[in-house]
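A.B. asks: Sequence first, then the predicted structure, then my questions.
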Amino acid sequence: MAETIRRTALHDLHVELGARMVPFAGWQMPVQYPMGVMAEHLHTRSQAGLFDVSHMGQVLVRAQDGQMASAAAALESRIPADVAGLPEGRQRYGLFTNEVGGIIDDLMFANRGDHFLLVVNAACAEQDIAHLRSLSGVQVTPVTDRGLLALQGPRAAEVLARLVPAAADMRFMDSQAHGWDGVDLWISRSGYTGEDGFEISVPEARLEAFARALLAEPEVAPIGLGARDSLRLEAGMPLYGHDMDGTVTPAAAALGWSIPKLRRTGGARTGGFPGADVILPELGTPGATRRGLRPEGRAPIREGVTIFDSAEGGQPIGTVSSGGFGPTVGGPVAMARLPVAILDGTTVFAELRGKRIPVTVCPLPFVTPSYKR
């Protein structure tokens, strides 16, 4: 049976704006607009880009006893993060892990006073909801009547403040509810481009009206999945299903920073999540981890390309997990899991169409993030 492709509430608007639509994670999504991927990328870095991310899963988690401490404890049994210590009105990044220490999804979770709001990847949403529903003592409610927008770029704050003045005072990773034209918006100051910006959950009935209001501002352009991918790659941000999956541990994905000291060995709430016996010992001494790569020349190296330790012969030492052209950087960039013993600045070799191309190992990110702290 053919998979049913879902459409977001902005589908007709995307078509009106000239988007090229493609199937993505079970949804019909805009990959680019007439401006083109490179121009969309550079516009987001210099002005403000509007992304439809309504395919992402939004999930509410409440404790059946009404106590946030109970909901936090339940979530900490699945997420190796400090959920209990998250203040109301704040958001954090976290991981769902499996029994062998792999990552089964990455997510954002926010404390909304009497419940937690989780935003998960579209392709993993059903699995994640089932994972959460296996917890005892919590009520898990998928949000089915709201869409999600991301407004990203150095002009994002001033643009959003024209519609929602209170947004200007939000800090990076704040998560707050604010009104617009009689509608309750759930706004976080976050995103996945490396730029300052916001993710805004909007009731579906008003999603198009709010999107049009943002697009009416001169700094704002619609941006598709193509530029979203190149933006997050330059920012050194991993993509689920590419740079991490159920076989890749947090240390190997260079995401050990998301596991705080109190959840690590010797911490006040050490372990207690799936795969802790594998994940925790590896945090201090991973054999390989996600690294940045800068190929020589202009040809990008893409996912699946093998990395060798020498120009001829030698051993394969890794595989590119994400790669492409970085418009802001002005050249190709990539990421791969490589042995930690290989120092930044080392030349390794990517095998591309039967030839080996010199590639320099470098620190991530390629573009310094500009979040409002």
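C.D. replies: All right, it came through fine.

A.B. asks: hey, which helix is longest across the chain?
C.D. replies: helix 204-215 (DSSP state H).

A.B. asks: now what about that one, what contacts it?
C.D. replies: 9-10, 12-13, 50, 52, 54, 145-147, 149, 151, 159-160, 163, 180-181, 183, 185, 200, 202, 220-222 (Cβ atoms under 8 Å, 6 or more residues apart in numbering). For the C-beta atoms, the positions are set from N, CA and C on the backbone; glycine is no exception.

A.B. asks: again with stretch 159-166
C.D. replies: With contact meaning Cβ under 8 Å, 6+ apart, stretch 159-166 is reached by 48, 151, 167-168, 176, 178-180, 185, 187, 198, 200, 210, 213-214, 217, 219-220.

A.B. asks: repeat that for 7 Å
C.D. replies: For stretch 159-166, contacts defined as Cβ atoms under 7 Å, 6 or more residues apart in numbering pick out 48, 151, 167-168, 178, 180, 185, 198, 213-214, 217, 219-220.

A.B. asks: would you list every one of the strands in the stretch 101-250 of the chain?
C.D. replies: In the stretch 101-250 of the chain, the strands defined using DSSP state E, counting those that start in this stretch lie at 103-111, 116-120, 138-142, 146-152, 175-180, 183-188, 197-203, 220-222.

A.B. asks: Take these and lay them out in TSV including mean pLDDT.
C.D. replies: Converted to TSV, these look like this (pLDDT from 0 to 100):
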stretch	mean pLDDT
strand 103-111	98
strand 116-120	98
strand 138-142	97
strand 146-152	98
strand 175-180	98
strand 183-188	98
strand 197-203	98
strand 220-222	98
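
A.B. asks: For Arg232, find the nearest of these.
C.D. replies: Closest approach to Arg232 among the strands of the stretch 101-250 of the chain is made by strand 146-152 (10.2 Å; Cβ to Cβ).

A.B. asks: Tabulate the strands of the stretch 101-250 of the chain in CSV, adding columns for mean neighbour count and distance to Val248.
C.D. replies: Shown next, in CSV, are these (neighbours: other Cβ atoms under 10 Å; distance: least, Cβ to Cβ, whole Å):
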stretch, mean neighbour count, distance to Val248
strand 103-111, 22, 6
strand 116-120, 23, 17
strand 138-142, 17, 26
strand 146-152, 24, 25
strand 175-180, 17, 28
strand 183-188, 20, 26
strand 197-203, 24, 25
strand 220-222, 22, 33
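
A.B. asks: Relative to Glu40, which of those is closest?
C.D. replies: Here strand 220-222 is closest among the strands of the stretch 101-250 of the chain (Cβ to Cβ), at 6.7 Å.

A.B. asks: Tell me which strands the closest one pairs with, and in which orientation.
C.D. replies: Note on strand 220-222: by DSSP bridges, its sheet partners are strand 48-52 (parallel).

A.B. asks: List the buried residues in stretch 43-55.
C.D. replies: Residues of stretch 43-55 classed as buried: 43-45, 47-55 (neighbour count, 16 or more other Cβ atoms under 10 Å).

A.B. asks: Please save the CA atoms from the longest helix of the chain in CSV.
C.D. replies: C-alpha atoms of helix 204-215 as CSV (Å, rounded to 0.1, in the frame of the first residue of the first chain):
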residue,chain,number,x,y,z
GLU,A,204,-3.9,25.7,12.3
ALA,A,205,-7.0,27.8,11.7
ARG,A,206,-4.8,31.0,11.9
LEU,A,207,-1.5,29.6,10.6
GLU,A,208,-1.8,31.0,7.1
ALA,A,209,-2.9,34.4,8.3
PHE,A,210,0.1,34.6,10.7
ALA,A,211,2.5,33.4,8.0
ARG,A,212,1.2,36.0,5.6
ALA,A,213,1.6,38.7,8.2
LEU,A,214,5.2,37.7,8.7
LEU,A,215,5.8,37.5,4.9
